[in-house]
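Student: Return atomic coordinates for the entry below.
(one chain, ligands or ions: 1)
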Amino acid sequence: MIHPATELRFISEAVGYGVFATQHLPKGTIVFVKDPLDIELSEQQIRRMHPDMQAVVEKYSYIDERGKRIVSWDHAKYVNNCCRCNTISTGYGFEIALRDIASGEELTDEYGLFNLDRPMRLHCSKAGCRGWVLPQDPLSWAEIWDQWVLDALRVLPEVDQPLYFLLERGVQYRLEGFLQGRLPYCSVRTLLNGLSVSDPSINDPNVAA
Ligand SMILES: [Zn+2]
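Tutor: Residues are numbered from 1 along each chain as shown. Below you'll find the predicted structure:
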């Protein structure tokens, strides 16, 4: 479930839709938690679908650490990627705001943690844009992403968390244990299913181009 203070807006023909904040979302806000209505699909289930349906699944899903494709039931599936994202996945399974997000600002995410099975071309005009999201991006970026998450987790207890009730008890235990200094930090690396970086042929953008 995506944060209740967000809405779907049409951006352009090229980009499609995006998700925008309808109020100020402070840094440290949990902006997405997978919930029981989200659809989980195995590779076997997807293979049995019509190719047009497979394309829909591919477009609107992410792959979790077990290799399952997850299709969110709400507008969470329309959050766009940005190399300078203002939200990101954490090792606790939820997405967190990395900085204050103004009312009316688009929420953006890092697809590099979605276990992509092929390179994805980015159509973004930001300075320093990576140009591609590659399956092996976590190998070079995970440490930096962890630093971003750690910085945002520090202020998580201080901000309003309307999605906190969706965190499973085990996740709450690990998160609160970390915030209280009892348990180690859970890295974004735990989101990786390991399969996406094992085949060198899918890591080269020229192969897929
Ligand atoms: Zn970019």
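Student: which residues does I101 bridge with?
Tutor: L25 (DSSP bridges).
Student: Show me what from the chain comes close to the ion.
Tutor: C83, L122, C124, K126, C129 (C-beta under 5 Å from the ion). All C-beta spots, glycine's among them, are computed from the backbone N, C-alpha and C.
Student: The last one should be in a strand, yeah?
Tutor: No. Assessed by DSSP: H, G, I helix; E, B strand; the rest coil, C129 does not belong to a strand; its assignment is coil.
Student: still on that earlier bit, can you name the two of the residues of the chain next to the ion that are farthest apart?
Tutor: Farthest-apart pair in these is L122 and K126; separation 9.0 Å (C-beta to C-beta).
Student: Which of the helices or strands spans G18?
Tutor: In this structure, G18 is located in strand 16-21 according to DSSP states H and E.
Student: Using neighbour counts, pick out the buried residues of that strand.
Tutor: G18, V19, F20, A21 (16 or more other C-beta atoms under 10 Å).
Student: for stretch 170-179, same thing?
Tutor: V171, R174, L175, F178.
Student: what's the answer for stretch 89-108, then?
Tutor: 89-99, 101, 106-108.
Student: Give the next helix or strand downstream of the helix or strand containing I144.
Tutor: Per DSSP H and E, I144 falls inside helix 137-153. Later in the chain than helix 137-153, the nearest helix or strand by DSSP H and E is helix 169-179.
Student: and that next one with helix 137-153, angle?
Tutor: Angle between the axes of helix 169-179 and helix 137-153 is 70 degrees (criterion: axes from the mean of the first three to the mean of the last three C-alpha atoms, to 10 degrees).
Student: begin at 51 from here
Tutor: With 51 as the first residue, the last one maps to helix 219-229.
Student: Tell me how far helix 219-229 lies from the chain's centre.
Tutor: A distance of 20 Å separates the centroid of the chain from that of helix 219-229, by C-alpha atoms, centre = their mean, to the nearest Å.
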